[in-house]
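> what follows is a protein structure lacking sequence information:
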Ligand SMILES: [Zn+2]
Ligand SMILES: [Zn+2]
């Protein structure tokens, strides 16, 4: 088997790994990059024509993958619904089947419906966790893994007597940490290659408390406090939403989510997942003015109407602000201004790297002028070094290739089986 990492040997995000055995070509993830020439990629870049994107390297040069080529890939396997793992799908040839979990497909569809990413058809084939499926001569077994994206997978791929394991993005300190333990226990030992992510190797100062500890911190901070608590977090980070919802229940507060987040929970709930849902006790849905207008004018009225029974109007929000924990983001500032909030707590619960934009800064400045106490409370979606070591020791692969990391060299300290690769250079598995 031959492997080619098109992007990720010295970079976080934009993962693309090809496996081929001469007959079958399989792509693991089709990620849009988070960085361009070492700097966070500008939103405007995505609007450039494909020929420009090829020149810039946003689209790596890969034959038989893109929609303007004749397709020669037999499948693309997507690990999870983060743009740095699926964001190139809109450039992939529509004849190439895309294998993904139900949760991943649903999250991508919600992003498309709300125009967070481009709407494009996905030639999807759904897989079930732990059930191997065939892609021509390859057998792929997905494992549910602990990550900040819901329904994320790691994979074991077998072909021609060789075994490759791809961790995807993972962690061992989230609400699905037992999935990480189970993956180590059940995945094939002594695989020929383990591709493992290493985002945290260069972010060792980042907090890695568990989601339970984070929930306790929220309760601790708000116990006996009387103002509203605003939370800025990703609407698709279900683990985090659960943490704040549970904290709200413990504090006897109502948890208010915006109508977009309500749709994310609604769609995942409809798949049979046991996650908080707007009809649950102490959960209400807020309709930000601009977003609600967009839903009625562009997205589809049903995305708003389905939550009418759970709506909290701004008058009620204002009157009950002392008993509320509420998801908020900069685009909701005007709505919050109309609610006459008299201070409280603001929890920033995302990666600090997203925090520098002028937009974000002006939102936080406004909050501070309103007397809000600003608290950074986050835990990474990625594995701390001790968990990367646990994966390596537990699986004991013949070869370890770091990906999705800024510091592959650091892996040389973790094992003598580490091999560093270069983007775009094929190697024998
Ligand atoms: Zn990633
Ligand atoms: Zn991810």
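Here it is on my side, so go on. Everything quoted here is computed from the prediction, not taken from an experiment. Ligands and ions are numbered 1, 2, ... in the order given.
> packing partners of the helix or strand bottoming out on mean pLDDT in the chain?
Each helix and strand of the chain was given a mean pLDDT (mean pLDDT, DSSP states H and E); the minimum falls on strand 39-40 at a mean of 86. In terms of contact count using 3 or more Cβ pairs under 8 Å, 6 or more residues apart in numbering; DSSP states H and E, strand 39-40 is assigned no packing partners among helices or strands. Glycine gets a C-beta too; all of them are placed from N, C-alpha and C.
> burial check on residue 148, number of neighbours?
When neighbours are defined as other Cβ atoms under 10 Å, residue 148 has 26 of them.
> likewise residue 229?
27.
> how much space separates it from residue 174?
Distance of residue 229 to residue 174, given as Cβ to Cβ, to the nearest Å: 22 Å.
> same question for residue 352.
Using Cβ to Cβ, one gets 19 Å for the distance from residue 352 to residue 174.
> and if you look at residue 299?
30 Å.
> more neighbours: which of those two?
Under the neighbour definition other Cβ under 10 Å, residue 299 and residue 174 were set side by side, and residue 174 has more, 26 against 18.
> and that one, what are its phi and psi?
The phi and psi values for residue 174, taken as degrees, to the nearest 10, are phi -100, psi -170.
> next: the one 4 residues further on.
Here is the backbone geometry of residue 178 (degrees, to the nearest 10): phi -70, psi -30.
> residue in the stretch 251-400 of the chain nearest to ligand 2?
Residue nearest to ligand 2 within the stretch 251-400 of the chain: residue 381 (5.9 Å; Cβ to the ion).
> just the element for residue 304, please.
Residue 304 is part of helix 302-305, with elements assigned from DSSP states H and E.
> which stretches of the stretch 101-250 of the chain form helices?
For the stretch 101-250 of the chain, helices defined by DSSP state H, counting those that start in this stretch occupy the ranges 102-113, 177-186, 211-222, 238-251.
> enumerate the positions of the first one that are buried.
Just to be clear, that refers to helix 102-113. Taking 16 or more other Cβ atoms under 10 Å as the basis for neighbour counts, the residues of helix 102-113 that come out buried are 102, 103, 104, 105, 106, 107, 108, 109, 110, 111, 112, 113.
> again with the last one
Neighbour-count burial for helix 238-251 flags 238-249, 251 (criterion: 16+ other Cβ under 10 Å).
> for whichever residue of the stretch 151-300 of the chain sits closest to ligand 2, grab the count of nearby residues.
With Cβ to the ion, the shortest gap between the stretch 151-300 of the chain and ligand 2 falls at residue 169, namely 3.5 Å. Using other Cβ under 10 Å, residue 169 has 26 other residues around it.
> show me the contacts for it.
Taking Cβ atoms under 8 Å, 6 or more residues apart in numbering as the definition of contact, the neighbours of residue 169 are 79-80, 82, 85, 147-149, 152, 197, 199, 381-382, 404.
> likewise for residue 128?
By Cβ under 8 Å, 6+ apart, residue 128 lies in contact with 101, 142.
> what about the residue of the stretch 151-300 of the chain closest to ligand 2, distance to residue 347?
Applying Cβ to Cβ, one obtains 23 Å for the distance of residue 169 from residue 347.
> before we move on, what about residue 21?
Taken as Cβ to Cβ, the spacing of residue 21 relative to residue 347 amounts to 49 Å.
> and these two? Which one has more around it.
In terms of neighbours (other Cβ under 10 Å), residue 347 is the more surrounded of residue 21 and residue 347; the figures are 27 against 16.
> one step back: correct me, but the residue of the stretch 251-400 of the chain closest to ligand 2 touches residue 150?
No - Residue 381 sits out of contact with residue 150 when judged by Cβ atoms under 8 Å, with a separation of 11.0 Å.
> doesn't residue 304 make contact with residue 296?
Yes - A contact is recorded between residue 296 and residue 304 when judged using Cβ under 8 Å, the distance being 6.5 Å.
> of those two, which one has the most company?
Set residue 296 next to residue 304 and count neighbours by other Cβ under 10 Å: residue 304 wins out with 21 against 13.
> OK, contacts around residue 318?
Residue 318 makes contact with 339, 340, 341 under the criterion Cβ under 8 Å, 6+ apart.
> now the next helix or strand after the least confident helix or strand of the chain: how far from the chain's centre is it?
Sequence-wise, the next helix or strand beyond strand 39-40 is helix 50-56, with elements assigned using DSSP H and E. The gap between the average C-alpha position of helix 50-56 and the chain average comes to 25 Å, counting by Cα atoms, centre = their mean, to the nearest Å.
> which parts of helix 50-56 are buried?
Of the residues in helix 50-56, those with enough neighbours to count as buried (16+ other Cβ under 10 Å) are 53, 54.
> now the very next helix or strand once past that helix: mean pLDDT?
Stepping forward along the backbone from helix 50-56, the first helix or strand reached (DSSP H and E) is strand 75-77. With pLDDT averaged residue by residue, strand 75-77 scores 98.
> just read off the phi/psi values of residue 17.
Here is the backbone geometry of residue 17 (degrees, to the nearest 10): phi -130, psi 120.
> now residue 124. Nearest residue, chain neighbours left out?
Counting by Cβ to Cβ, 6 or more residues apart in numbering, residue 98 is the residue found nearest to residue 124 once chain neighbours are left out, at 5.2 Å.
> state the distance from the residue of the chain most remote from its centre to residue 367.
Here the chain has its C-alpha centre computed as a mean, and the residue farthest from that point, by Cα atoms, centre = their mean, is residue 319 with 35.0 Å. With distances defined as Cβ to Cβ, the gap from residue 319 to residue 367 amounts to 20 Å.
> so where do the strands sit in the stretch 301-429 of the chain?
324-327, 344-348, 372-376, 400-403, 427-428 (DSSP state E, counting those that start in this stretch).
> okay if I get those strands as TSV plus mean pLDDT?
Output for the strands of the stretch 301-429 of the chain, formatted as TSV (pLDDT from 0 to 100):
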stretch	mean pLDDT
strand 324-327	98
strand 344-348	98
strand 372-376	97
strand 400-403	98
strand 427-428	98
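> including distance to ligand 1, could the ones you listed go into a markdown table?
As requested, the strands of the stretch 301-429 of the chain are arranged in a markdown table below (distance: least, Cβ to the ion, whole Å):
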| stretch | distance to ligand 1 |
| --- | --- |
| strand 324-327 | 23 |
| strand 344-348 | 20 |
| strand 372-376 | 21 |
| strand 400-403 | 10 |
| strand 427-428 | 22 |
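> residue 92 is nearest to which of these?
The stretch from these with the least distance to residue 92 (Cβ to Cβ) is strand 400-403; that distance is 19.7 Å.
> the closest one - contacts with which helices or strands?
Judged by 3+ Cβ pairs under 8 Å, 6+ apart, the packing partners of strand 400-403 are strand 2-7, strand 193-197.
> near ligand 1, which residues of the stretch 51-200 of the chain show up?
With the criterion set to Cβ under 5 Å from the ion, the stretch 51-200 of the chain comes near ligand 1 through 84, 169.
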